[in-house]
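S.K.: output the structure for:
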Amino acid sequence: MDMDSLVKIITKEVLKKIDIINLQKAKVKSGNILILDSISKEKKDKYEYIIGINKNIKFLDDFFVDDDIDSLDYIIVPNLSIKDLSSIAIGLEQSQISKVVIDSILHGKKVVVIEEGIDYRKFRNISSENFFQLFKSYEDRLVSFGIDIVKKEELLFYLSENTCVKDIKKELVQESFKNINQGKKVHVIEATISKKAVSEGDIKRIWDLGYKTIYLNKKSIITPLAKDYIRTNEIEIKRINL
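M.R.: Purely as a prediction, here's the structure:
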């Protein structure tokens, strides 16, 4: 066996062990999850990547609006319709999904929206720009409520960490959100992320709130998509001990 083949085999085995370690961490930390989608065999297969790391999962069909929200650690929204986006943004319960999300926000629970499932975004290139921006402002409002928007491929990183952005003062968030609604970005404030694995969604949420400089733990891992976003937007990253 030549050296190149041996290196490939060793690299494959190392990556496999890293994946196993990550899954083990996710099993420990991911907690009780509610997926806001109906369950069927097809849907169950669709979410196997989540079910495989955590058996404490409920689907919308299993969950009644009067159930105990406090027992949940994460509420995952795989698909966010225009109706539900608008309803949640103005605090109006018009469906089971919007009611659960609104209740979860009121109870201080962590709500996660899958970025690829945000319905209004698919009309980006054909809609009136002003009309599209209306729904973009609703999405920004959800983020200001503490809802996280995560790419599907980065969800396992997110669930395994169970940490969040810190050191963002409420009044600064409100000021940045006002600037966003006015079409402005003011990148003058510094923010800190304490996560071990930093995703593109983490960086984007901070950038959209108006932060130009972001402090990360020296040991934090930045995902490839996050690195691309940082480079494209010329965001300054500083490493510190957290």
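S.K.: hmm, residue 207 and residue 235 touching each other?
M.R.: Yes. Using CB atoms under 8 Å, residue 235 is in contact with residue 207, at 6.2 Å. Every C-beta, even on glycine, is put in place using the N, C-alpha and C of the backbone.
S.K.: identify the contacts common to these two.
M.R.: Jointly contacting residue 235 and residue 207 under the rule CB atoms under 8 Å, 6 or more residues apart in numbering are residue 229.
S.K.: only the buried residues of the longest strand belonging to the chain, if you could.
M.R.: Longest strand in the chain, counting residues (DSSP state E): strand 211-217. Neighbour-count burial for strand 211-217 flags 211-212, 214-217 (criterion: 16 or more other CB atoms under 10 Å).
S.K.: can you give the strand pairings for that strand, parallel or anti for each?
M.R.: strand 189-193 (parallel), strand 236-240 (parallel) (DSSP bridges).
S.K.: outside of the last one, which residues touch it?
M.R.: Meaning strand 236-240. With contact meaning CB under 8 Å, 6+ apart, strand 236-240 is reached by 192, 212-218, 220, 222, 230.
S.K.: if you set the cut-off to 7 Å instead, what comes out?
M.R.: 212-216, 218, 230 (CB atoms under 7 Å, 6 or more residues apart in numbering).
S.K.: pLDDT on it, on average?
M.R.: Averaged across strand 236-240, pLDDT comes to 86.
S.K.: any buried residues in it, and which?
M.R.: In strand 236-240, counting by 16+ other CB under 10 Å, buried: residue 237.
S.K.: what's the answer for stretch 127-147, then?
M.R.: Those would be 132, 135-136, 138-144, 147, for stretch 127-147 by 16+ other CB under 10 Å.
S.K.: likewise for stretch 83-94?
M.R.: 84-89.
S.K.: just the residues you listed: which are in helices?
M.R.: Judged by DSSP state H, those include 84-89 as members of helices.
S.K.: can you redo the buried residues of stretch 127-147 as a markdown table with secondary structure and distance to residue 102?
M.R.: A markdown table is the format used below for those (DSSP: H, G, I helix; E, B strand; the rest coil; distance: CB to CB, whole Å):
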| residue | secondary structure | distance to residue 102 |
| --- | --- | --- |
| 132 | helix | 24 |
| 135 | helix | 18 |
| 136 | helix | 20 |
| 138 | helix | 14 |
| 139 | helix | 16 |
| 140 | helix | 17 |
| 141 | helix | 13 |
| 142 | helix | 11 |
| 143 | helix | 15 |
| 144 | helix | 14 |
| 147 | coil | 11 |
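S.K.: need these in TSV with distance to residue 226, can you?
M.R.: Output for the buried residues of stretch 127-147, formatted as TSV (distance: CB to CB, whole Å):
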residue	distance to residue 226
132	25
135	25
136	21
138	25
139	19
140	20
141	24
142	21
143	17
144	21
147	19
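S.K.: of these, closest to residue 203?
M.R.: Set against residue 203, the nearest of these by CB to CB is residue 143 (12.9 Å).
S.K.: show me what contacts residue 84?
M.R.: Residues in contact with residue 84, defined by CB under 7 Å, 6+ apart, are 95, 97-98.
S.K.: any idea how far residue 116 lies from residue 98?
M.R.: 20 Å (CB to CB, to the nearest Å).
S.K.: I'd say residue 117 and residue 79 touch.
M.R.: Yes. With contact defined as CB atoms under 7 Å, residue 117 counts as touching residue 79 (4.0 Å).
S.K.: re the thing from before, so which two of the contacts of strand 236-240 are the farthest from each other?
M.R.: 212 and 218 (20.3 Å).
S.K.: I'd say residue 152 and residue 116 touch.
M.R.: Yes. If you go by CB under 7 Å, residue 152 and residue 116 touch, sitting 5.5 Å apart.
S.K.: contact partners for residue 85?
M.R.: By CB under 7 Å, 6+ apart, the contact set of residue 85 is 120, 135, 138-139.
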